[in-house]
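> All I have is the shape, not the residue letters:
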């Protein structure tokens, strides 16, 4: 089945009659649409909180678990890279696994399973006694985080009006950003307290489990999924059809788009805090002062990315998803060159890092752009697999760019990492255009 088939499937009437008129104002949004939107937003919010707790405390916590003398110890760098790689691989596998479950069992049920998975295992990370314990817990938590992306994005693409979707993508991605900001605030508070370990921050990750009962009661399965399930009559398409002659080109291009861009983005997120900690301009600072600087820089990146989400949404409304994605990738490429093309101190580096954060709003567009490229009963399978398979590339990229760097100096590695946005721009131009982003 092709991307065109998927679009036709989206527009096809339901079995119980013609589709209702699309809402043109917030007052016309139905209770079911509001509930699905809130459920997906909460899932994204807790995604951001859970997945970035480790990014912020990686060096300090891994130093504690390995017993290394300093965060700059090669053993700390190697172990923290492996843990992050395991997390990204788990994210990819979870996207494929729970994506398939979402097509078979429904969006609402699977959303609950994914949230429970990442809540439980993020909380258990606080109990890690060795670095490989943490690796296992982060891998298992990532299964749920990867699955939640695929299921939540499909839930909204099947319930909210098309003309609203670029803005919904921005609001949804802002949920991730807000979760990350809460993680940053928690880490900033930790850095000012006389605590010897950051492990207790992971207990915040248990909070998402509290919303599962509400989702299960309040959020029904989508009409589109139920109608497609009924029409299939137990003859649902298999996952192998993603590589059939009709969908193969879209699947391969989507994998490349996600693999290139997510590798560049995650290597930036992971290695930039370490780069900032080791800048010569902060060498005389105390450990607490450097950690506060890291939390402030990370906070700034995520804060400006909220504006970037809506900038990307406006671009999608103006010129379509493909061009909007390509423009934002070009912005990230330019900001990487500005940040890491020459040695900089922390005062001149921060504005360029903020620019990278602003253009990262592009990733919000993926939530509404990718699912409609696939047929209804392959939607979470296709979007989840293609988006999250990029995590495998990002996992290896995180290790690769870390090994390229000299001890304490990640500038050239981060510059090379940013160059991946160049081929990503080309792939974006070759992608099929979803009708949702044009003339809305």
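On my side now, so go ahead. For clarity, every value in this text was computed on a predicted model and none was experimentally measured.
> so after the strand or helix carrying residue 190, what's the next helix or strand?
Residue 190 belongs to helix 165-191 when assigned by DSSP states H and E. Using DSSP H and E, the helix or strand that directly follows helix 165-191 along the chain is helix 212-218.
> which helices and strands sit right next to the helix holding residue 190?
Packing contacts for helix 165-191, counted by 3 or more Cβ pairs under 8 Å, 6 or more residues apart in numbering; DSSP states H and E, involve helix 31-66, helix 131-157, helix 287-319, helix 362-369. In this view, the C-beta of every residue, glycine as well, is placed from N, C-alpha and C.
> Quickly note the distance from residue 84 to residue 27.
For residue 84, the distance to residue 27 (Cβ to Cβ, to the nearest Å) stands at 45 Å.
> And these two? Which one has more around it.
residue 84 (27 against 6; other Cβ atoms under 10 Å).
> What ranges in the stretch 101-250 of the chain fall below the confidence cut-off?
Across the stretch 101-250 of the chain, residues meeting the criterion (pLDDT under 70) sit at 195, 234.
> For residue 361, give me the backbone phi and psi.
Main-chain torsions, residue 361, degrees, to the nearest 10: phi -60, psi -20.
> Residue 356: which of the helices and strands packed on helix 165-191 is closest?
Smallest distance to residue 356 across these (Cβ to Cβ): 7.0 Å, for helix 287-319.
> Quick check: the closest residue in space to residue 352 that isn't next to it in sequence vs residue 365, distance?
Nearest residue to residue 352, sequence neighbours excluded (Cβ to Cβ, 6 or more residues apart in numbering): residue 339, at 3.5 Å. Going from residue 339 to residue 365 by Cβ to Cβ gives 23 Å.
> Report the contact partners of residue 118.
Applying Cβ atoms under 8 Å, 6 or more residues apart in numbering to residue 118 gives the contacts 46-47, 50, 141-145, 148, 205, 208.
> Pull the number of nearby residues for the nearest residue to residue 48 once chain neighbours are set aside.
Leaving out its chain neighbours, the residue that sits closest to residue 48 by Cβ to Cβ, 6+ apart is residue 179, at 2.7 Å. For residue 179, the neighbour count with other Cβ under 10 Å is 25.
> Residue 179: what's it in contact with?
Going by Cβ under 8 Å, 6+ apart, the list of residues near residue 179 reads 44-50, 52.
> Flag every buried residue along the host helix or strand of residue 258.
Using DSSP H and E, the element containing residue 258 is helix 248-277. By neighbour count with 16 or more other Cβ atoms under 10 Å, helix 248-277 contains the buried residues 250-251, 253-277.
> same question, stretch 198-210
Buried, per 16+ other Cβ under 10 Å, within stretch 198-210: 198-199, 201-202, 204-209.
> Distance to residue 235 added to those, as CSV?
What follows is the buried residues of stretch 198-210, written out as CSV (distance: Cβ to Cβ, whole Å):
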residue, distance to residue 235
198, 51
199, 49
201, 48
202, 44
204, 44
205, 40
206, 41
207, 41
208, 35
209, 36
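> Go through those residues and name the one nearest residue 166.
Among the buried residues of stretch 198-210, and counting by Cβ to Cβ, the member closest to residue 166 is residue 208, at 26.4 Å.
> neighbours around the residue nearest to residue 265 when sequence neighbours are not counted, how many?
Of all residues beyond its chain neighbours, the one nearest residue 265 is residue 360 (6.4 Å), with distances taken as Cβ to Cβ, 6+ apart. Residue 360 has 26 neighbouring residues, counting by other Cβ under 10 Å.
> now do the one 4 residues further on
Counted with other Cβ under 10 Å, residues neighbouring residue 364 total 32.
> wait, it sits on residue 173?
Yes: counting by Cβ atoms under 8 Å, residue 364 does reach residue 173; the two are 2.9 Å apart.
> overlap in contacts of these two?
With Cβ under 8 Å, 6+ apart as the test, residue 364 and residue 173 both reach residue 309.
> any idea how far the residue nearest to residue 48 lies from residue 186?
For residue 179, the distance to residue 186 - Cβ to Cβ - is 11 Å.
> that older thread, quick one: which of the buried residues of stretch 198-210 is nearest to residue 316?
Within those, the smallest distance to residue 316 is 28.6 Å, found for residue 208 (Cβ to Cβ).
> which residue packs closest to residue 232, ignoring adjacent ones?
residue 377 is the one closest to residue 232 (Cβ to Cβ, 6+ apart), at 6.0 Å.
> So that neighbour: helix, strand or coil?
helix (DSSP: H, G, I helix; E, B strand; the rest coil).
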